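Q: sequence below, structure please.
(chains A and B)
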There are 2 protein chains.
Amino acid sequence: MAENISPLFVLSLVFFILISLTSSSPSLSLPPRLWPPRFLGQFSRKPASSNRLRLQQYRYDVRYFEQPLDHFSFSAEAPTFRQRYLISSDHWAGPERMAPIFLYCGNEGDIEWFAQNTGFVWEIAPKFGAMVLFPEHRYYGESLPFGSRDEANKNSTTLKYLTAEQALADFAVLVTNLKRNLSAEACPVVLFGGSYGGMLAAWMRLKYPHIAVGALASSAPILQFEDIVPPETFYDLVSNDFKRESISCFNTIKESWDAIISEGLKENGLSQLTKTFHLCRELKSTQDLIDWLYSAYSFLAMVDYPYPSNFLMPLPGHPIREVCEKIDGASDGTSILERIFKGVSIYYNYTGDADCFELDDDPHGMDGWNWQACTEMVMPMSCSRGGSMFPPSEFNLSFFEEDCRKSFGVTPRPRWITTQFGGHDIKTTLKIFGSNIIFSNGLLDPWSGGSVLQNISDSIVALIAEEGAHHTDLRPATPEDPDWLVEQRATEIRLIEGWLSAYYEAKRLIFDM
Amino acid sequence: MAENISPLFVLSLVFFILISLTSSSPSLSLPPRLWPPRFLGQFSRKPASSNRLRLQQYRYDVRYFEQPLDHFSFSAEAPTFRQRYLISSDHWAGPERMAPIFLYCGNEGDIEWFAQNTGFVWEIAPKFGAMVLFPEHRYYGESLPFGSRDEANKNSTTLKYLTAEQALADFAVLVTNLKRNLSAEACPVVLFGGSYGGMLAAWMRLKYPHIAVGALASSAPILQFEDIVPPETFYDLVSNDFKRESISCFNTIKESWDAIISEGLKENGLSQLTKTFHLCRELKSTQDLIDWLYSAYSFLAMVDYPYPSNFLMPLPGHPIREVCEKIDGASDGTSILERIFKGVSIYYNYTGDADCFELDDDPHGMDGWNWQACTEMVMPMSCSRGGSMFPPSEFNLSFFEEDCRKSFGVTPRPRWITTQFGGHDIKTTLKIFGSNIIFSNGLLDPWSGGSVLQNISDSIVALIAEEGAHHTDLRPATPEDPDWLVEQRATEIRLIEGWLSAYYEAKRLIFDM
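A: Numbers count the residues shown, from 1 in each chain, chains lettered A, B, ... in the order given. Next up is the predicted model:
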């Protein structure tokens, strides 16, 4: 169908759509090339009900702690908010034994959902006699300032205290307070985190070494800022995940964008797309469908686990392989668009329960993560001309800034994260500074490209799993776990044991002095 | 004279004065046992005119940089202020040579005054081919938000962004920006700082290792918080400085408090004290005189340099020795109060120019440092019963907090600094984390008791000068410098050279890879 339209014409149309969207649309609806993909999409909102059931498997108390809303200024009002945290002392050997505290750095979502999907921490806690602590990230889950989600997310005045620095300070204040109340000041804290939570874990070890003895930072793209890694890294890795399964699958997806755009331009084209993709509501713009597909491919790459999982969606093992089998395996005569639909149905409808699809992931809604992306978490994203299955695009900071001003009334500070936490030339810095951080990554995960993939020093190390996806290591153990995963976790346990031994040794030396 | 009044009665009177001051006085006038001594007293305000002249000796440009007022939140308004900084590239070998940048962390005062009193940095810069940078601390000197000193210090709403964390972020943003503009990203930054500026230098190396390769933190009492060191440390050290010169001098001062208080209680007692101490205005309360004396003794201990100096005041070498010679050497029959007056005249009137004295040091006025002391810089201070020449007193956090609420409308967060920067059990933490910090101290300096006095690791080291005072090492070299001082500075230069060599080596290795 697309043969009648020259590629240049299509490209200019894409550009036109982009421009019109960025210049006129008051509600955010941006092509993925401007907005970084969300780590967790709609799932950062709340656990799906199906997940709720599985919460039973880990036992913990739910508690609340009154936190200063702004740790970094002092004022007469000094507003506070209630931070939720999950705590389990079931296996804790207590302060007499200086038993460790395992602290998972809550990320952009409901903390119970992270607790459920971070089986590793629960599973190793008994072996270490460790307390388990899952503090929730401010402005997510139930940890909402100003009384409600709507009030918290109302505008830049209420959102202004939603930053990584404030979240780290929350963790620091909470655990310090908790330890004091338990006379557990000498108990070492070990940090865990995945994805954005992994970034927080690494940064917390760097910024609060007096509070935590080490950090397992899984799939933590702390280098996905400014020009540290090329902006095309993420989508090139997504593309590679498809290419490695099937070149024809990769090519079909690559060709599909022209097909979608030209279909959308036809009379009744949007209706036809609505029908082809079994959408519940009439498609309003081709861009919405494109966003929906970008999300599916990106999330599929993140959760390309080697066994069936239910992290973002219920999925089979090796889901990209399954998607590509659908795309490649459709009978002759099946159109590109129908192939694509069959493919992404693996992601959006593996259970087969859905009769139609809502494009309501709302990836650019006024919620916490978009605020963070529009302020400090500016991760430049583009799609390369060569290795990508997505249409080529460049990251335009000016457009992005303009959109953030429109959406939230704030101007991003794209250089702030690297100023605050570093990133450029990280090897030179951390080779002689810092210790006890594991950067674990699965190379199938598109976020791995922005993470630390080389050992930096004896104790700041990179663990790489070629067949791993988004923080595979933190997930609950399963009988289907491949050998490399079992070994990776064993290495992590050994390293953590080493941190704790060194800590106890240092304490003993000082005690003996 | 004091013999007619029992010590217990005097003590209860002191207590009464304390209570009445803390409960009714709207303007702050607190005994030193509640408020920590100021690092620099009135001199944090602006250079005395006599000092201005000496500014000629170092050549620099004065520039300004637009800083976000709040680095740690994002808002639609995003207010800024103009930060002043001094810069000299006269001896800088430039980016091609990866020549270092020496950054002095400006503390609570006019930056030109610090530049003048930090000769060490200027004197070693040519040897290193280093750029010299003296950024001013926000809310001091000319670096005032809201347009003027009065507006900046108006109330808690305007003062709220005056914190150490914000100041560190100012330095980080400034130097990162400057380096980028000069294509000098690879040039290593070495931090210097004395007193509170030394605390900032140490903390900045810990929090921003990607921005600075090392820090010389001179007389930096980073452990003077919470219960890390005993609260009597400071005044016991002041007392020791007098005792080592002369036990009778120590005893005279120790006895003088009763004499002052009982004199003040007499009819016309305040007039008599006004006369004895040659005050320009009629004394309103004995406490004001006591504060004035506490200040003199504390500052004398800080600047007990072995050669004549003009840091806080023009003073002879070994000024405490001179004070004690006056106190001890007065002719028989000289009253205690007259002896004390003769002694402190060494501090307040060494030049002999003053006909009378203003008690206008205003140590507890509504200025920046008091705000910092009332928010995060809570340094508990007391006077011991045994080793102190000051009346015994305890630190009462509740009283202190109540006073801060009255003065500024804020409640201090006394545990925040240790949560943010650490301090407890610092050896265990930094033994396996961090590098390249020199904690230099002179043991005559009462702030040395709250600093790091033992080596922590191979590269986090303590340099101790038994005869040194408040950041003696940072002062300009003089022909009278004793050998230990010359050696100490040579050691510092050698350590800094080591940091830079390691940095260049690391860069070379990465370059070669």
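Q: do you have the strands of the stretch 51-200 of chain A handy? List them.
A: Assigned by DSSP state E, counting those that start in this stretch, the strands in the stretch 51-200 of chain A fall at A:61-68, A:80-88, A:101-104, A:131-135, A:189-194.
Q: which stretch among the ones you listed comes nearest chain B?
A: When the strands of the stretch 51-200 of chain A are compared by Cβ to the nearest Cβ, strand A:61-68 sits nearest chain B, at 7.7 Å. In this view, the C-beta of every residue, glycine as well, is placed from N, C-alpha and C.
Q: mind listing what's buried in the closest one?
A: For strand A:61-68, burial by neighbour count (16 or more other Cβ atoms under 10 Å in any protein chain shown) applies to A:65, A:67-68.
Q: what number of residues lie near residue A:481?
A: 19 (other Cβ atoms under 10 Å in any protein chain shown).
Q: kindly report the same for residue A:507.
A: 16.
Q: who touches it in this structure?
A: Applying Cβ atoms under 8 Å, 6 or more residues apart in numbering or on different chains to residue A:507 gives the contacts A:98, A:186, B:428.
Q: nearest spatial neighbour of the first one, chain-adjacent residues omitted?
A: Spatially, and ignoring its direct neighbours in sequence, residue A:98 is nearest to residue A:186 (5.0 Å; Cβ to Cβ, 6 or more residues apart in numbering or on different chains).
Q: look up phi and psi at the one you found.
A: Main-chain torsions, residue A:186, degrees, to the nearest 10: phi -90, psi 0.
Q: can you pull the pLDDT of it?
A: On the pLDDT scale, residue A:186 is placed at 96.
Q: quick one, what contacts residue A:452?
A: Contact analysis of residue A:452 by Cβ under 8 Å, 6+ apart lists A:220, A:222-223, A:426, A:439, A:441, A:460, A:462.
Q: which members of the buried residues of strand A:61-68 additionally contact chain B?
A: Contacts with chain B within the buried residues of strand A:61-68, as defined by Cβ under 8 Å from any Cβ of the partner chain: residue A:68.
Q: show me which of the buried residues of strand A:61-68 is closest to residue A:87.
A: Among the buried residues of strand A:61-68, residue A:65 lies closest to residue A:87 (Cβ to Cβ), at 10.2 Å.
Q: quick revisit: among the contacts of residue A:452, who's most crowded?
A: Neighbour max across those (other Cβ under 10 Å) = residue A:220, 32 neighbours.
Q: surely it and residue A:199 touch.
A: Yes. Counting by Cβ atoms under 8 Å, residue A:199 is a contact partner of residue A:220 at 4.5 Å.
Q: near chain B, which residues of the stretch 51-200 of chain A show up?
A: So the stretch 51-200 of chain A meets chain B at A:68, A:70-76, A:78, A:155-157, A:159-161, A:163, A:165-166, A:169, A:172-173, A:176, A:185-186 (Cβ under 8 Å from any Cβ).
Q: what about the residue of the stretch 201-350 of chain A found nearest chain B, which SS state?
A: Nearest residue of the stretch 201-350 of chain A to chain B (Cβ to the nearest Cβ) works out as residue A:210 at 3.0 Å. Classification of residue A:210 using DSSP: H, G, I helix; E, B strand; the rest coil returns coil.
Q: that one: how many residues sit nearby?
A: 23.
Q: contacts only, for it.
A: Contacts of residue A:210 (Cβ under 8 Å, 6+ apart): B:418, B:421-426, B:429.
Q: quick check, nearest of those to chain A?
A: Distances from chain A to the contacts of residue A:210, taken by Cβ to the nearest Cβ, are shortest for residue B:422, at 3.0 Å.
Q: I'd assumed residue B:429 was in contact with that closest one.
A: Yes. At 5.7 Å, residue B:422 counts as touching residue B:429 under the criterion of Cβ under 8 Å.
Q: which residues do those two both contact?
A: What both residue B:422 and residue B:429 touch, as defined by Cβ under 8 Å, 6+ apart, is the set A:209-210.
Q: residue A:196 and residue A:107 touch, don't they?
A: Yes. Counting by Cβ under 8 Å, residue A:196 touches residue A:107, with 4.3 Å between them.
Q: where do the contact lists of these two overlap?
A: Counting by Cβ under 8 Å, 6+ apart, the residues touching both residue A:196 and residue A:107 are residue A:39.
Q: from the contacts of residue A:452, which is closest to residue B:86?
A: Distance to residue B:86 across the contacts of residue A:452 (Cβ to Cβ) is lowest for residue A:426, with 30.9 Å.
Q: tell me who's in contact with that closest one.
A: Per Cβ under 8 Å, 6+ apart, neighbours of residue A:426: A:223, A:452, A:456, B:210.
Q: ok, now residue A:460?
A: By Cβ under 8 Å, 6+ apart, the neighbours of residue A:460 are A:430, A:434-437, A:439, A:452.
Q: local confidence estimate at residue A:314?
A: The model's pLDDT for residue A:314 equals 89.
Q: partners of it in the sheet?
A: For residue A:314, the beta-bridge partners under DSSP bridges are residue A:310.
Q: thinking again about what came up before, who wins for neighbours among the contacts of residue A:507?
A: residue B:428 (22 neighbours).
Q: beyond the helix or strand hosting that one, next helix or strand please.
A: Under the criterion of DSSP states H and E, residue B:428 resides in helix B:426-431. For helix B:426-431, the succeeding helix or strand toward the C-terminus, using DSSP H and E, is strand B:437-442.
Q: now do the SS call for residue A:243.
A: helix.
Q: ok, it - contacts?
A: Counting by Cβ under 8 Å, 6+ apart, residue A:243 has contacts A:249-250, A:389.
Q: before we move on, back to that, Serialize the buried residues of strand A:61-68 to JSON lines and add fields for pLDDT.
A: Listed next are the buried residues of strand A:61-68 as JSON lines, based on pLDDT from 0 to 100:
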{"residue": "A:65", "pLDDT": "98"}
{"residue": "A:67", "pLDDT": "98"}
{"residue": "A:68", "pLDDT": "97"}
